[in-house]
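Asks: Show me the folded form of this:
(2 chains)
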Amino acid sequence: MKSLLLLLLLLAALPALAGPRGTGDLGVVVERASGQLLIVEHSTDTRLAEVDGLGDLSHASVVFSRDERYAYVFGRDGGLTKVDLLSGAIVNRILQAGNSIGGAISQDGRLVAVSNYEPGGVRVFDAETLEPVADIPAEYQPGKLSKVVGLVDAPGNRFVFSLYDADEIWIADLNEPHKPAITRLRNIGRAPYDALITPDGHYYIAGLFGEDSLALLDLWHPEQGARRILAGYAAHDEKLPVYKMPHLEGWAIAGTQAFLPAVGEHKVLVADTTTWRQEAAIAVHGQPVFVMARPDGRQIWVNFAHPDNDTVQIIDAETHAVVRTLKPGKAVLHMEFTPRGEKVWVSVRDEDRVVVYDTRTLEKTGELPAAKPSGIFFTDRAHRIGL
Amino acid sequence: MRSPCLLLCACLLINSAEAETLSSKRQNELRHLLYQDCGSCHGMRLTGGLGPALTPEALHGKPRELLIATVSEGRPGTPMPPWKPLLSKTEIAWLVDTLTGTEQRP
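Replies: Here you go, the predicted structure:
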């Protein structure tokens, strides 16, 4: 009797989730202004716990351990925090650099890499302990370090990333974790600002701020170097100001089409993924930020830069028509589909809420309070290349 | 299509801005813009990101007029966009003074 009472007390004291449960329908929402992380569940669209003490979470991003239990949170202030989704607690936290932009987890799940602006480069840590494993300064000229962007994992226990200040793409092979082997690709195009890897891990695509094209690298044939695709997409138009840089993620591939944000143009570009030629340019509401295909590839959801960031548009992947314009609220920062895509969560920063839409009816079906929410990350990313 | 309209709006804003004083509501909106939207490149604590740090220390010694011109016109060849289509002269000056710590708090 006494032990039963004790057990009940113990269960009541657990901060997040009592009893055994799976993590396949869990996720996190970054509450960037308060440095907190919301642990959420998307089967019934509920908040489970709030985790404090994660530092500066502007532009924070998250990857998951391959057992989908732990979230690795990359903060702006160089913080790398490992959070247990089941207990709602921080397991470990290090400050690994002065200013960082994101990270990735290796194919084998053993290494977590962080891309840093200050000092420019990539640092690699043991996913279990967060002990340092390798340091890869992005030294492109003697004494000169570049800001690193677009870091992704690639098959073969490799990481691929772009050097914003050096116009280069580097491939780091970590099969010997303490001795990364680096392949440098130069003159890939001016000012790569972000990148994606296709969901099959075959191609790496860097968006370029400094020219009207993107850089494409065939990871099956890195010896062939990177080549420009969609060159001159804005050659005949006046460039519009960009009040927020677009983001690239593997989600942009739908079937044999890649949907990519133009820079300085209120357009979504469509490329054929067999020829990498431009197929279309779809006029949209503003400067696209995230261009994301629903997991089945039928719809493309797009959000926009300031001052058009109250809007989300949905493009039919087959006809390229904008089929719906939604107004979720002021400052839509991110969208995340459930693993099979029947729902999408949308973060609305200035209205302190996350809005849930049914992707079939395009109607709002729910809403969760969240303090200045930015990134939303569901655990199924754990099993996707490049996420 | 869009630029003439934006230009017109900007001119109207600038004309009406000469004698403009900013309400405390507008100041709050601008402060929000500074940390949240400028923060998407410069960091939410303005300690830098893809764009440089905008802390008083980082901006120390830079002439006020240069900073105002940078915000108004942007920096060609970099991702810094011109803000004059969206903000008045007075608002841009207020943002610069807030950043350098010379804005008089009421």
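
Asks: doesn't residue A:81 make contact with residue A:70?
Replies: No. Using Cβ atoms under 8 Å, residue A:70 is not in contact with residue A:81, being 10.1 Å away. Quick note: C-beta positions are derived from backbone N, CA and C, even for glycine.

Asks: For residue B:66, grab phi and psi.
Replies: For residue B:66, the backbone dihedrals (degrees, to the nearest 10) come out as phi -70, psi -40.

Asks: where do the helices sit along chain B?
Replies: Assigned by DSSP state H, chain B shows helices spanning B:2-17, B:24-32, B:39-42, B:56-59, B:64-73, B:89-100.

Asks: so which of these is the most packed in?
Replies: Across those, the average number of neighbours (mean count of other Cβ atoms under 10 Å in any protein chain shown) peaks for helix B:39-42, which reaches a mean of 23.

Asks: where do the helices sit along the stretch 251-387 of chain A?
Replies: With DSSP state H, counting those that start in this stretch, there are no helices along the stretch 251-387 of chain A.

Asks: how about the residues of it that lie near chain B?
Replies: Proximity of the stretch 251-387 of chain A to chain B, by Cβ under 8 Å from any Cβ of the partner chain, involves residues A:266, A:306, A:307, A:331, A:349, A:350, A:372.

Asks: Show me which of those are buried.
Replies: A:266, A:306, A:331, A:349, A:372 (16 or more other Cβ atoms under 10 Å in any protein chain shown).

Asks: In strands only, show me those residues.
Replies: Using DSSP state E, no member of these falls within strands.

Asks: just checking, next helix/strand downstream of the worst-scoring helix or strand of chain A on mean pLDDT?
Replies: Least confident helix or strand, chain A: helix A:2-13 with a mean of 51, by mean pLDDT, DSSP states H and E. Where DSSP states H and E defines the elements, the next helix or strand beyond helix A:2-13 is strand A:26-31.

Asks: so how far is that following strand off the chain centroid?
Replies: 13 Å (Cα atoms, centre = their mean, to the nearest Å).

Asks: Run the contact check for the helix or strand following it versus chain B.
Replies: The C-terminal neighbour of strand A:26-31 among helices and strands, as given by DSSP H and E, is strand A:36-41. No. Judged by Cβ under 8 Å from any Cβ, strand A:36-41 makes no contact with chain B; its nearest approach is 13.4 Å.

Asks: least trustworthy helix or strand in chain B by mean pLDDT?
Replies: helix B:2-17 (a mean of 47).

Asks: give me every residue that touches the residue nearest the centre of chain B.
Replies: Among the residues of chain B, the one closest to the centroid is residue B:92, at 4.0 Å (Cα atoms, centre = their mean). Residue B:92 sits next to B:68, B:71, B:72, B:83, B:84 when contact means Cβ atoms under 8 Å, 6 or more residues apart in numbering or on different chains.

Asks: Show me which pair in the buried ones among the residues of the stretch 251-387 of chain A next to chain B is furthest apart.
Replies: A:266 and A:372 (26.2 Å; Cβ to Cβ).

Asks: excluding its backbone neighbours, what's nearest the residue of the stretch 101-250 of chain A found nearest chain B?
Replies: The nearest approach of the stretch 101-250 of chain A to chain B comes at residue A:241, 3.6 Å away (Cβ to the nearest Cβ). Among residues not flanking residue A:241 along the chain, residue B:81 sits closest, at 3.6 Å (Cβ to Cβ, 6 or more residues apart in numbering or on different chains).

Asks: neighbours of that neighbour, just the number please.
Replies: 23 (other Cβ atoms under 10 Å in any protein chain shown).

Asks: I'd guessed it sits against residue B:74; true?
Replies: Yes. Look at residue B:81 against residue B:74 with Cβ under 8 Å: they come within range, at 4.8 Å.

Asks: For chain B, tell me whether stretch A:92-100 is touching it.
Replies: Yes. Using Cβ under 8 Å from any Cβ, stretch A:92-100 reaches chain B at residue A:99.

Asks: Return that stretch as PDB; C-alpha atoms alone will do.
Replies: C-alpha atoms of stretch A:92-100 as PDB (Å, rounded to 0.1, in the frame of the first residue of the first chain):
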ATOM      1  CA  ASN A  92      23.300  18.200 -21.400                       C
ATOM      2  CA  ARG A  93      24.200  21.600 -22.700                       C
ATOM      3  CA  ILE A  94      27.500  23.200 -24.000                       C
ATOM      4  CA  LEU A  95      28.500  26.500 -25.400                       C
ATOM      5  CA  GLN A  96      30.600  25.400 -28.300                       C
ATOM      6  CA  ALA A  97      31.100  28.700 -30.200                       C
ATOM      7  CA  GLY A  98      30.300  32.400 -30.200                       C
ATOM      8  CA  ASN A  99      27.600  32.500 -32.900                       C
ATOM      9  CA  SER A 100      26.000  29.600 -34.700                       C
END
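
Asks: now that stretch, how far from the chain's geometric center?
Replies: For stretch A:92-100, the distance to the chain centre is 18 Å (Cα atoms, centre = their mean).

Asks: where does chain B dip in pLDDT?
Replies: Scanning chain B for pLDDT under 70 picks out B:1-19, B:104-106.

Asks: Tell me the residues on it that lie near chain A, please.
Replies: By Cβ under 8 Å from any Cβ, the residues of chain B that approach chain A are B:2-3, B:32, B:36-37, B:39-41, B:43-45, B:47-50, B:74, B:77, B:79, B:81-82, B:85-86.

Asks: I'd guessed residue A:117 sits against residue A:147; true?
Replies: Yes. Between residue A:117 and residue A:147 there is a contact under Cβ under 8 Å: 4.4 Å.

Asks: got the residues of the stretch 101-250 of chain A near chain B?
Replies: A:101, A:117-118, A:147, A:149, A:164, A:191, A:193, A:209-210, A:238, A:240-245.

Asks: I'd say residue A:212 and residue A:232 touch.
Replies: Yes. Using Cβ under 8 Å, residue A:212 makes contact with residue A:232 at a distance of 5.4 Å.

Asks: check contacts around residue A:263.
Replies: Neighbours of residue A:263 in contact, by Cβ under 8 Å, 6+ apart: A:193, A:207, A:208, A:209, A:212, A:234, A:242, A:246, A:287.

Asks: Give me the pLDDT for the fifth one.
Replies: In the prediction, the pLDDT value recorded for residue A:212 is 89.
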